[in-house]
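A.B. asks: Sequence and predicted structure, then a few things I'm wondering about:
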Amino acid sequence: TPTFPADSTMAKIQKRGEVVIGVKFDVPMFGQKNPLTGQLQGYEIDIANQLGRDLFGSDGHVKFVEALGPVREQFVTQHKADLVISTYTINEPRLKTIAFAGPTYESKQAIVVKSDSKAFGNTIPNFAALNGHTVCVVSGSVSNMLLLKDAPQATITALGANPDCAKAVRQGRVDAFATDDAILIGFVNEAPSASR
């Protein structure tokens with residue numbers, strides 16, 4: 001177990017006996033509650049558990065709290081969590097409010113549509129191709145900002161969480177869903193015949 005200066009944040013966390021970490025509970029491959037076991041699993045959960053082991057020398061010292069996309073910053077700034085481990089693009093506006101450790105992985109923006117979509121051909125070359133179409137994004141996301149800039153004639157449906165957008169595409173309420181490619185892979189893998 002590492003030792004930290006007595007008045008440091010890390011020492012206070014150790015004294016408390018647990019580190020409170022905000023994660024997503026509904027994003028495949030990153031942070032998702034297993035419906036059979038009720039246990040959290042995924043890349044971000046693994047990072048959180050390793051951090052707990054590094055701080056305390058053993059397992060069992062991580063308290064997970066659900067931090068949805070639009071409120072991730074507030075969980076840190078309002079001290080609802082010691083930190084948030086989440087798919088979150090590092091950019092200048094966000095750096096004014098919070099500090100980042102990382103990146104832990106790199107991703108590109110991507111677009112997914114229903115597998116039987118007639119709105120697009122075999123490829124969607126860029127965000128500008130979404131002009132004239134309905135597109136779901138998570139509120140305040142980088143995808144939302146890119147659409148406003150690159151596809152100003154797109155009709156944007158901004159929802160609170162990635163699973164809501166995945167569902168909107170599957171139900172045909174929107175033509176497309178735009179977000180990080182790594183996130184989209186998880187949703188496509190959940191229902192491979194429903195989207196592409």
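C.D. replies: Structure's in. What do you need?

A.B. asks: Next, the residue nearest to the spatial centre of the chain: secondary structure please.
C.D. replies: Centroid check for the chain by C-alpha atoms, centre = their mean gives Thr87 as the closest residue, at 3.6 Å. Reduced to three states with DSSP: H, G, I helix; E, B strand; the rest coil, the structure at Thr87 is coil.

A.B. asks: For it, which residues are in contact?
C.D. replies: Contacts for Thr87 (C-beta atoms under 8 Å, 6 or more residues apart in numbering) come out as 24, 27, 30, 44, 107, 180, 182-183. In short, each C-beta sits where N, CA and C put it, glycine included.

A.B. asks: Likewise for Glu73?
C.D. replies: Glu73 makes contacts with 94, 97-98, as judged by C-beta under 8 Å, 6+ apart.

A.B. asks: Could you list the alpha-carbon positions for the longest helix seen in the chain in PDB?
C.D. replies: As assigned by DSSP state H, the longest helix anywhere in the chain is helix 43-56. C-alpha atoms of helix 43-56 as PDB (Å, rounded to 0.1, in the frame of the first residue of the first chain):
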ATOM      1  CA  TYR A  43     -12.900  -1.800 -19.500                       C
ATOM      2  CA  GLU A  44     -13.600   1.200 -17.200                       C
ATOM      3  CA  ILE A  45     -14.700  -1.200 -14.300                       C
ATOM      4  CA  ASP A  46     -11.400  -3.000 -14.700                       C
ATOM      5  CA  ILE A  47      -9.400   0.200 -14.500                       C
ATOM      6  CA  ALA A  48     -11.400   1.300 -11.400                       C
ATOM      7  CA  ASN A  49     -10.700  -2.000  -9.600                       C
ATOM      8  CA  GLN A  50      -7.000  -1.900 -10.500                       C
ATOM      9  CA  LEU A  51      -6.900   1.700  -9.100                       C
ATOM     10  CA  GLY A  52      -8.500   0.400  -5.900                       C
ATOM     11  CA  ARG A  53      -5.900  -2.400  -5.600                       C
ATOM     12  CA  ASP A  54      -3.100   0.200  -6.200                       C
ATOM     13  CA  LEU A  55      -4.400   2.500  -3.500                       C
ATOM     14  CA  PHE A  56      -5.300  -0.100  -0.800                       C
END
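
A.B. asks: Show me what that helix is in contact with.
C.D. replies: Counting by C-beta under 8 Å, 6+ apart, 1-2, 10, 13-14, 17-19, 21, 23-24, 29-31, 59-62, 64, 85-87, 104-105 sit against helix 43-56.
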